[in-house]
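**Q** please find the sequence and the predicted model below.
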Amino acid sequence: AVMALPALGLLLAAALLRAEAAPPVRSFQIDFDRDCFLKDGAPFRYVSGSVHYARVPRAAWRDRLLRLYMAGLNAVQVYVPWNYHEPQPGVYDFSGDRDVEAFLDLAAELGLLVILRPGPYICAEWEMVSPCLLPLSPAYLAAVDAWLHVLLPKIKPRLYQHGGNIISVQVENEYGSYYICDSSYLQHLLGTFRALLGPEVLLFTTDGAQVEDLRCGTLQGLYATIDFGPGSNVTEAFGTQRYVEPRGPLVNSEYYTGWLDYWGGPHASISAALVAQGLANMLQLGANVNMYMFHGGTNFAYWSGADFKGKYEPVTTSYDYDAPLSEAGDPTEKLFAIRTVISKFQPLPVGPMPPPTPKCAYGWVALHKYADLLDVLDVLSPSGPIQSQFPLTFEAIKQAQGFVLYRTQLPRDILAPATLRAPPHSICDRGYVMLQKGTLERDGQTELRVKGKAGDMLDVLLENMGRISFGANFSDFKGLLGNLSLDSRPLSNWLIYPLTIDAAIHQGWPHAAQTKSSSRSRAGPAFYAGTFETPGIAWDTFVKFPGWSKGQLWINGFNLGRYWPQQGPQQTLFVPGSILRVGCPNNITVLELEGAPPNPSLLFLDQPLFNRTINHSFQFPCWTLFLLFFLFLPWG
């Protein structure tokens, strides 16, 4: 027994060494006595900014997050768009620009905490999930659960208490603004999040700073936060949060640094001084703040959503948001004003703010007409048309975005113009009629005068301009929602062509195809093509559309989004340098919907244009900039 004592001592010593080597227990909690967050047991306050990885090319993620960090922020708030990752039921995509795990890990590498907002609903002016599932129906809940069972296991290892950087997770978003006001839905989500993420993660909700929103959008077990912008009475707004959370940290989960743009509206702008003053007022109260947006980015492809404010209002391709970091990721006056405010409350990182990324004015690029859309239906709709007595919606033919062509024949000779009419609310969202050139619009023109002979094709191209992403109008079906009539007689025997334009372009069309010669000159949508080369560099640029009407642009197969200079305020599309090639031609494809200029060409600039204004500052051609760069290299 005496001989066993040294062995016991060795065991105790080893246990003590293991205890000292073990990492400290990590935790992120709420201290309701001191009205603050606790990080690893110590009081903590976050100053955060929203960045949407889905609106930023992956090649630019590090640049944007580094600038956010250097501005003095200690956290980034991240939305996870459900339909971005599940384009078809049961088909999931987390590759490339959709690699949310890589984005979260990059934030961790740069020393940023994460406030995660996985939805299922996110608003964010993002194209909504297809409305085939009725909200809160058993089928909807089953789809939500299936999605969360895919997403949340990817999130769990990255929670703060498990060694990651995610300090809190939002359970649903602005649910108090939804008309149903049914807490059983939030209760269902709470159960799912707890089951998949564990009991320790801090879960929260976000709603507007109105008592009614908080009454319908909050639930015991979910910490209630609010959102409001500059100019609001900070004390009153946080007083509303105190209505449901008498104790705990003050949190503004969406402090609006700017606002979004709608096609046909003014370019949104909020002064840097006003934003900085509001931030200072909140930080003076000890509040936690997330700035929405800190960097807005771009609604590439068809991802821009829409609002309904008495009428349908589609969002522009640019999501610049007048944010502290511009659409191209450059620091603005607003960023430096915010940085100055933050410096008064907590230390800033050591080092300078990275300078703006270089931009290039590549100049004029001539295009040529490749083909009328009606002449290439075999390429754009390889599976052929769907036959139906009456029109079918996008959702019915399982196409979420883009364009669908509806075709029927004139049933009789119409020698004197007859009225082609769409029922109210049946054009979603814009129809291009190709018998006689004209448009039918949601909340706009719903009839045209047409004539022709029996058997003539009546073709109508329907465009989805973005589903409504906020409010009670969530069932926003697209396409022809009702039948067209000719002098009040319903048309029938429709051929419906789902158009897979992006798939064709990804496969190299039209640049890899033989030149198409149109047998006749048609009015209406057509494709244009061209190429340009970069002078040994591939810098960001902005493309302008002089004389063009409305359409979609692809460069090297990348869908840069919708242009509509006639409506504005956006006059240019942002072109990330990461999609351009050096040493070989860059392929341009344009789908012009209404009418190209007589000599079709695009103009590449080194700055964006909004509100139909042109900045007349002198622009160096890119070859000049490249030459200057070359001349001033340190040659030893």
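**A** Received it, and whenever you're ready, just let me know what you need. Numbers count the residues shown, from 1 in each chain.

**Q** where does the stretch 51-200 of the chain have low pLDDT?
**A** 134 (pLDDT under 70).

**Q** what ranges do the strands span in it?
**A** 75-79, 113-117, 166-170 (DSSP state E, counting those that start in this stretch).

**Q** what's the angle between the first one and strand 166-170?
**A** Right, the one you point to is strand 75-79. Between strand 75-79 and strand 166-170, the angle comes out at 40 degrees (axes from the mean of the first three to the mean of the last three CA atoms, to 10 degrees).

**Q** flag every buried residue along strand 75-79.
**A** 75-79 (16 or more other CB atoms under 10 Å). For the C-beta atoms, the positions are set from N, CA and C on the backbone; glycine is no exception.

**Q** from residue 469, how far out is the nearest residue to residue 89 once chain neighbours are set aside?
**A** Take residue 89 and drop its neighbours on the chain: the residue closest to it by CB to CB, 6 or more residues apart in numbering is residue 143, 7.2 Å away. Residue 143 sits 18 Å away from residue 469, going by CB to CB, to the nearest Å.

**Q** more neighbours: these two, which one.
**A** The neighbour comparison of residue 143 against residue 469 (other CB atoms under 10 Å) goes to residue 469, with 23 against 19.

**Q** residues contacting the more buried one?
**A** Residue 469 makes contact with 123-128, 305-307, according to CB atoms under 8 Å, 6 or more residues apart in numbering.

**Q** could you redo the last one with a cut-off of 10 Å?
**A** 121-129, 304-308, 315, 476 (CB atoms under 10 Å, 6 or more residues apart in numbering).

**Q** please apply the same query to residue 600.
**A** For residue 600, the contact set (CB under 10 Å, 6+ apart) comprises 365-369, 526, 528-530, 545-548, 590, 592.

**Q** kindly recompute the last result at 7 Å.
**A** Residue 600 makes contacts with 367, 369, 528, as judged by CB atoms under 7 Å, 6 or more residues apart in numbering.

**Q** which phi and psi does it have?
**A** Main-chain torsions, residue 600, degrees, to the nearest 10: phi -70, psi 130.

**Q** swap in residue 488?
**A** The phi/psi pair for residue 488 (degrees, to the nearest 10) reads phi 70, psi 0.

**Q** surely residue 259 and residue 266 touch.
**A** No - using CB atoms under 7 Å, residue 259 makes no contact with residue 266, being 10.1 Å away.

**Q** okay, the two: which has more neighbours?
**A** Between residue 259 and residue 266, counted using other CB under 10 Å, residue 259 has the larger neighbour count: 15 against 11.

**Q** separation between that one and residue 57?
**A** For residue 259, the distance to residue 57 - CB to CB - is 24 Å.

**Q** so, low pLDDT: which residues of the stretch 401-550 of the chain?
**A** 472-474, 516-521.

**Q** 50 instead?
**A** 519 (pLDDT under 50).

**Q** all the strands of it, residue numbers only.
**A** Using DSSP E, counting those that start in this stretch, strands in the stretch 401-550 of the chain cover 403-409, 414-421, 427-428, 430-433, 438-441, 447-452, 457-463, 479-480, 485-486, 489-490, 494-498, 526-532, 541-544.

**Q** determine the set of other helices and strands touching the fourth one.
**A** Right, strand 430-433. The contact analysis (3 or more CB pairs under 7 Å, 6 or more residues apart in numbering; DSSP states H and E) places strand 430-433 against strand 438-441, strand 457-463.

**Q** no further queries at this time; thank you.
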